[in-house]
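Chemist: structure, please.
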Amino acid sequence: MKQSTGALMRRFAPYFKPYRRVLALDLFCAALTTLCEIVLPLMVRHLAQLGMDDLSLLSAGLILRVAALYLVLRVIDVAASYFMSNVGHVMGAKIETDMRSALFGHLQKLSFSYFASTKVGQLMARITSDLFDVTEFAHHCPEEFFIAGLKMVVSFVILCTINVPLTLIIFAIVPLMAVVSSKFNHKMRATFGKNRKQVGEVNAQVEDSLLGVRVVKSFTGEAREIDKFEQGNRDWLDIKKENYHWMGAFNATTRAFDGVMYLVVIVAGGLFMMYRQIDPADFMAYLLYVTTLLATIRRIVEFTEQFQRGMTGIERFFEVMDAVPDIRDPENAIELQTVRGDIRFEDVSFAYADDLDTVILDHLDLDIHAGQSVALVGPSGGGKTTICNLIPRFYDVTGGRVTVDGQDVRTVSLESLRRRIGVVQQDVYLFSGTIFENIAYGRPDATRDEVIEAAKQAGAHEFIEATPNGYDTYVGERGVRLSGGQKQRISIARVFLKNPPILILDEATSALDNESERLVQQSLERLAKGRTVLTIAHRLSTIRSADKIVVLTEEGVSEQGTHEELLAQNGVYAHLYELATKL
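Modeler: Residues are numbered from 1 along each chain as shown. The predicted structure follows:
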């Protein structure tokens with residue numbers, strides 16, 4: 001939903017609060033710089049008036065005194081301008097930094113469902129390029145409008161003391177300029193919005209192509225990727241063309257009004273002077289003040305592009321800030337203390353919010369006792385991953401409830417719940433940094449000895465020591481310098497260090513070769529000891545020793561029991577196991 005400029009400005013204003021003293025001083029300096037421009041026509045008028053009345057009244061001493069006064073004003077103007085350019089810009093940069101921090105912090109709170117429907121490239125554009133213009137906007141917006149307003153008011157008052165009718169005629173043009181400018185501003189704002197969105201699309205396309213560069217090259221898809229990028233790039237150019245069309249029309253219209261205002265001063269001022277309503281010195285002052293006003297209007301016109309860029313960035317900032325997390329702490333959330341690890345699904349139903357007609361889980365009941373190892377198996381689409389996502393509240397049930405030690409997970413704080421759950425996934429994500437930093441992510445306050453011990457437990461210590469810099473070896477973006485098995489063992493070390501009572505293994509070995517699978521499986525067996533373990537596995541050989549195997553189909557839980565019990569039933573599991581042994 002589009003927000004008006006006024007509404008956005010009201011929402012943006014609180015970001016000035018921590019810097020209100022700097023802003024007040026900045027506006028004071030803006031007033032000082034305005035003083036020079038406003039006083040100069042009065043000085044010229046005074047000297048011209050004396051010259052017309054009696055040249056003998058002009059003296060070198062008087063001229064030097066006027067020049068000295070103007071010199072003092074110029075020195076003040078230089079100092080004030082320096083403050084505005086330096087400290088004022090720093091204030092704008094600080095506001096931009098505050099907004100970027102607030103935006104990133106808010107993104108961390110949003111639920112999985114938000115990221116599932118939003119491109120990362122779009123979010124990157126909002127965090128970076130959208131907020132770049134806020135520095136200039138936050139500094140110049142109050143400054144430029146304050147200066148313009150001050151010049152308008154003071155000039156109007158001074159000119160009214162000279163000749164009221166001529167002043168009213170000149171200033172009658174200003175509202176008309178404001179109305180026409182407003183219409184062009186709306187057009188420019190719309191094109192800036194489209195421009196920002198297209199920046200995000202291009203970012204998303206570049207990110208997608210570069211992250212998938214191995215797939216691109218293996219399928220010789222370089223030409224297709226170039227074509228996709230070129231299309232997005234051309235769309236961006238078309239939007240910029242539209243933007244510059246409206247900007248050009250706006251500038252041309254403003255220059256036309258410049259000419260109209262000068263024409264009014266020449267014609268009306270000339271007639272007033274002809275009928276002796278004003279004298280030549282007053283007419284000269286009018287010309288100087290009109291020149292000052294037009295220079296101010298031109299500054300506002302030049303600032304308009306910056307203003308609209310800033311407003312577009314602020315609008316897109318608040319679009320993200322207005323997104324409400326689907327999953328958040330309830331009021332009076334309970335802190336989970338010591339967790340045994342009893343997990344229960346009571347009449348649980350689930351469907352994704354954007355597709356409520358497709359029911360993933362339908363009145364599911366499942367008990368997992370503390371310290372028990374439970375494996376979930378079955379064909380794709382049976383809800384295995386969904387069950388695992390509901391325990392740490394990555395998603396919320398649409399019916400029934402999930403409990404940990406008898407406590408509904410929706411009544412406890414997310415931080416205390418997730419701190420007690422460890423997840424090892426098939427698709428391991430390693431952050432850009434060192435091996436040590438990636439393992440320590442499981443517990444940031446861990447000592448180096450504790451990190452090394454966790455790596456030993458995960459069977460990762462030997463290969464880490466063999467890397468060029470040991471635990472300080474840089475892993476590359478997304479761990480690109482490590483093999484799949486090495487990355488998986490680092491992720492297991494991360495969970496060892498976290499030491500959670502509940503462990504979720506989401507197809508942790510399915511993407512590995514036989515040797516890597518054997519090593520990782522040994523690490524997982526050590527990790528599972530003394531914990532409640534929930535395992536999703538397609539390789540049935542890895543879960544034969546599970547305390548309970550739950551077979552999930554589209555109809556729900558079709559079978560459950562030990563490996564031997566399920567084989568004896570000669571049902572779905574026996575069929576799946578028979579197929580697996582033939583591969």
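Chemist: got a list of what the one residue sitting closest to the centre of the chain touches?
Modeler: Centroid-nearest residue in the chain: Ile127, 3.4 Å away (criterion: C-alpha atoms, centre = their mean). Applying C-beta atoms under 8 Å, 6 or more residues apart in numbering to Ile127 gives the contacts Arg100, Leu103, Phe104, Leu107. From N, CA and C alone the C-beta is placed, and that goes for glycine too.
Chemist: residues of the helix or strand that contains the last one that come out buried?
Modeler: Using DSSP states H and E, the secondary-structure element containing Leu107 is helix 89-109. Of the residues in helix 89-109, those with enough neighbours to count as buried (16 or more other C-beta atoms under 10 Å) are His89, Met91, Gly92, Lys94, Ile95, Glu96, Met99, Arg100, Leu103, Leu107.
Chemist: measure the residue nearest to the centre of the chain to Asn499 for me?
Modeler: 33 Å (C-beta to C-beta, to the nearest Å).
Chemist: Thr447 too?
Modeler: On the measure of C-beta to C-beta, Thr447 and Asn499 end up 14 Å apart.
Chemist: between the two, who's got more neighbours?
Modeler: Asn499 (15 against 10; other C-beta atoms under 10 Å).
Chemist: can I take it that Gly422 is in a strand?
Modeler: Yes: assignment of Gly422 by DSSP: H, G, I helix; E, B strand; the rest coil places it within a strand.
Chemist: what sits against it?
Modeler: Counted by C-beta under 8 Å, 6+ apart, Gly422 has contacts Gly442, Val495, Lys498, Pro500, Ile502, Leu503, Ile504, Leu527, Arg531.
Chemist: export those to JSON lines and append columns for secondary structure.
Modeler: Shown next, in JSON lines, are the contacts of Gly422 (three-state DSSP):
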{"residue": "Gly442", "secondary structure": "coil"}
{"residue": "Val495", "secondary structure": "helix"}
{"residue": "Lys498", "secondary structure": "helix"}
{"residue": "Pro500", "secondary structure": "coil"}
{"residue": "Ile502", "secondary structure": "strand"}
{"residue": "Leu503", "secondary structure": "strand"}
{"residue": "Ile504", "secondary structure": "strand"}
{"residue": "Leu527", "secondary structure": "helix"}
{"residue": "Arg531", "secondary structure": "coil"}
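Chemist: narrow these to just the buried residues.
Modeler: Using 16+ other C-beta under 10 Å, the buried ones in those are Gly442, Val495, Lys498, Pro500, Ile502, Leu503, Ile504, Leu527, Arg531.
Chemist: between these, which is nearest Gly406?
Modeler: Ile502 (14.1 Å; C-beta to C-beta).
Chemist: tell me the contacts of the closest residue in space to Leu73 that isn't next to it in sequence?
Modeler: Distance criterion C-beta to C-beta, 6 or more residues apart in numbering; nearest residue to Leu73, sequence neighbours excluded, is Cys36 at 4.7 Å. By C-beta under 8 Å, 6+ apart, the residues touching Cys36 are Tyr70, Leu73, Arg74, Ile76, Asp77.
Chemist: ok, now how distant is the closest residue to the fourth one other than its chain neighbours from Leu25?
Modeler: If I follow you right, that is Ile76. Distances taken as C-beta to C-beta, 6+ apart place Leu32 nearest to Ile76, at 5.3 Å, with adjacent residues excluded. Per C-beta to C-beta, Leu32 is found 11 Å from Leu25.
Chemist: for Phe219, report the pLDDT, please.
Modeler: Phe219 is assigned a predicted lDDT (pLDDT) of 60.
Chemist: correct me, but Thr167 touches Thr161?
Modeler: No: counting by C-beta atoms under 8 Å, Thr167 does not reach Thr161; the two are 9.0 Å apart.
Chemist: buried residues in the helix or strand in which Ile147 is found?
Modeler: According to DSSP H and E, Ile147 maps onto helix 129-162. Under the neighbour-count criterion of 16+ other C-beta under 10 Å, helix 129-162 has 129-131, 133-144, 146-148, 150-151, 154-156, 158-159, 162 buried.
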